[in-house]
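S.K.: heads up, no residue letters with this:
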């Protein structure tokens, strides 16, 4: 991994030098755009609407427009902002983890100690673990002042960028204001369905089916070219059907439970058959 930022965590009078690394990466297959007529690569150019010239990136400034007036801000002016030059992750408060709504989370970053002795880093990590709290921090990164949550993940301090309060929309749907009665039977069957699907979460159990199928498509196209038959590659897959209102909710819940129980029975039968096949056979006794 390559560090994308260096600075320090300000924890009271304690200063913790750190390096910042992206904690996640995109696994999507990279595709680019081409002209469907001749396969030519599509290119985008930055053109000035006044002179028509193609403008190099280093010759581009930013601007703000309001009521017909435009203010142009140069790179030097933007870099002069005090926060732009800050290399500090300032701890502003410590909160219980349950108070942080997951909707506020953005990107995640690993923090590595960047000093000869990682003692201050380990002290902060241990303190967060022992108090079971999250540190709310403020820092500047990529021309933005950001809000963040500092918590422990394994042996590492993890910085999670947060949305500002006014960036989270309020959900107001008239359909949810309707007074609807839910029967005890419906709630009982719905709860039974939840219990039948209850498991401990393991992200490694899940795969990105679209990316796997896209890879299969690319490999098949490389092998067969324009002669590719997608139906032969993937089979004639029928859609799941369009979403919509469930006319009979009880019937839908019953079918879901029956389907789940059927899968579990088939799984148990397979396991029993496999166990029976691997069980050593008893030797026949010799006659005296």
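M.R.: Ah, there it is. Remember, predicted model here, so these are calculated numbers, not experimental data.
S.K.: for stretch 73-84, what is the average pLDDT?
M.R.: Confidence over stretch 73-84, taken as the mean pLDDT, stands at 80.
S.K.: Can you list the low-confidence ranges for this protein?
M.R.: Low-confidence segments of the chain, defined by pLDDT under 70, span residues 83-85, 236-247, 263-288.
S.K.: the helices in it, which residues?
M.R.: Along the chain, the segments classed as helices by DSSP state H run 75-79, 119-131, 184-196, 209-224, 230-234, 249-278.
S.K.: tell me how far the ends of stretch 47-58 are from each other?
M.R.: Counting by C-alpha to C-alpha, to the nearest Å, you get 13 Å between the two ends of stretch 47-58.
S.K.: tell me which residues of that stretch are tucked away?
M.R.: Applying a neighbour-count criterion of 16 or more other C-beta atoms under 10 Å, stretch 47-58 contains no buried positions. Backbone N, C-alpha and C define where each C-beta goes, glycine included.
S.K.: Begin at 138, not 1, for the rest of this chat.
M.R.: Fine by me, first position is 138 from now on; the one you just mentioned is stretch 184-195.
S.K.: which residues are in contact with that stretch?
M.R.: Counting contacts by C-beta atoms under 8 Å, 6 or more residues apart in numbering, the residues outside stretch 184-195 that touch it are 182, 183.
S.K.: Quick check: buried residues in stretch 172-188?
M.R.: Burial within stretch 172-188, assessed by neighbour count using 16+ other C-beta under 10 Å, is assigned to no residue.
S.K.: for stretch 244-256, same thing?
M.R.: Within stretch 244-256, the residues that count as buried by 16+ other C-beta under 10 Å are 245, 246, 247, 248, 249, 250, 251.
S.K.: ok, so what distance separates the nearest residue to residue 397 once chain neighbours are set aside from residue 388?
M.R.: For residue 397, the nearest residue in space outside its immediate sequence neighbours is residue 333; the separation is 4.8 Å by C-beta to C-beta, 6 or more residues apart in numbering. Applying C-beta to C-beta, to the nearest Å, the value for residue 333 to residue 388 is 17 Å.
S.K.: So if I had to pick from these two, which one is more boxed in?
M.R.: For residue 333 and residue 388, the more surrounded residue by other C-beta atoms under 10 Å is residue 333, and the numbers stand at 14 against 10.
S.K.: in terms of contact, does that one touch residue 395 like I think?
M.R.: No. No contact is recorded between residue 333 and residue 395 when judged using C-beta atoms under 8 Å, the distance being 10.5 Å.
S.K.: what about the nearest residue to residue 394 once chain neighbours are set aside, neighbour count?
M.R.: Computed as C-beta to C-beta, 6+ apart, the closest residue to residue 394 that is not its neighbour in sequence is residue 330, at 5.6 Å. The tally of other residues near residue 330 (other C-beta under 10 Å) stands at 17.
S.K.: contacting residues for residue 330?
M.R.: The contact partners of residue 330, taken as C-beta under 8 Å, 6+ apart, are 390, 393, 394, 397.
S.K.: can you check residue 246 too?
M.R.: Contacts were defined as C-beta under 8 Å, 6+ apart; by that measure residue 246 touches 141, 157, 158, 159, 160, 295, 296, 297, 298.
S.K.: same thing but 7 Å
M.R.: By C-beta atoms under 7 Å, 6 or more residues apart in numbering, the contact set of residue 246 is 157, 158, 159, 160, 296.
S.K.: Compare those residues and tell me which is most surrounded.
M.R.: Using other C-beta under 10 Å as the neighbour definition, those reach their maximum at residue 296, which records 26 neighbours.
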